[in-house]
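K.L.:
Quick one, structure for this:
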Amino acid sequence: MGIFSRTRDIIAANVTDLLDKAEDPGKMIRMIILEMEETLVEVRASAARSIADQKEMRRQIAKLDKIQEGWVEKAELALSKDREDLAKAALMEKQKAAEMADSLKTEIAVLDDALRASEADIAKLQTKLREARTRQNAINSRMESAHNRARLREMYAGPKTEDAFSRFDVLERRVDIAEGHVDALALGAPPKTLEEEIAELRNAEKIEAELEALKAKTRNTGQEG
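P.N.:
Now for the predicted structure:
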């Protein structure tokens, strides 16, 4: 069972209202688009048949025009031979052919009206289909965004995240223990004497001097290169 009765219902439909009332908007919009596409194909197929019928009718009219010309020639021949009865009969056949041609022309005019209506319907259906596809893209984007947010919540609040943080706690505890061992080694060590502290300062000055000399040497080598 389709959502629409067909072309008229689709053209008059308010897609937004249909989606607002739907329990599953994603499924509903897919159904709407599918039915619109099927209807568009049907309307185009009907228009194609009407165009083909018109072409066939025009060929028949061309044949009937030649038939009329033939009967006129026959009527003229009959009159030239003083056969007025045959001339009348020929003209009656010509009239039949003319009436058939006029009937076909009337049918072509009816099909012209139908084709103009089909053309307008196709334009409206295409507009509705574009609207529906735009809504579908919007719905898909919202659904994707919702799924992404749900996955993020699971990542932040789920068991995997809790397990990861618990591992961090274990690692931090191990670091604390290692640092505690280092600090413990310094416990009870005798304080440095004045001479030891001054000796450390001198060693530091020597290292600084050697470092500066090395930097100067490196700069000179770079300039020479």
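K.L.:
now what about stretch 128-142, what contacts it?
P.N.:
10-11, 13, 15-16, 19, 25-26, 29-30, 32-33, 36-37, 40 (CB atoms under 8 Å, 6 or more residues apart in numbering). Any C-beta I mention is one placed from the backbone N, CA and C, and that applies to glycine too.
K.L.:
and it, average pLDDT?
P.N.:
For stretch 128-142, the mean pLDDT works out to 86.
K.L.:
tell me the domain ranges of this protein?
P.N.:
Domain assignment for the chain, taken from automatic domain parsing, gives 7-157, 192-225.
K.L.:
In this protein, what helix or strand scores lowest on average pLDDT?
P.N.:
helix 159-186 (a mean of 65; mean pLDDT, DSSP states H and E).
K.L.:
Tell me which helix or strand comes right after that one.
P.N.:
helix 194-224 (DSSP states H and E).
K.L.:
Report the distance from that next one to the chain centre.
P.N.:
With CA atoms, centre = their mean, to the nearest Å as the basis, helix 194-224 stands 70 Å off its chain's centre.
K.L.:
What mean pLDDT does that helix get?
P.N.:
On average, helix 194-224 scores 77.
K.L.:
now for it, which elements pack on it?
P.N.:
Under the contact definition 3 or more CB pairs under 8 Å, 6 or more residues apart in numbering; DSSP states H and E, helix 194-224 sits against no other helix or strand.
K.L.:
And that helix, what's buried?
P.N.:
Judged by neighbour count (16 or more other CB atoms under 10 Å), helix 194-224 contains no buried residues.
K.L.:
Contacts only, for Lys74.
P.N.:
By CB under 8 Å, 6+ apart, the contact list for Lys74 reads Leu86, Ala87, Ala90.
K.L.:
Tell me which of the domains of the chain sits most buried.
P.N.:
domain 7-157 (a mean of 14; mean count of other CB atoms under 10 Å).
K.L.:
Compile the domains of the chain into TSV and extend it with columns for distance to Arg173.
P.N.:
Formatted as TSV, the domains of the chain follow (distance: least, CB to CB, whole Å):
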stretch	distance to Arg173
domain 7-157	23
domain 192-225	33
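K.L.:
Specify the residue positioned farthest from the middle of this protein.
P.N.:
Glu195 (82.6 Å; CA atoms, centre = their mean).
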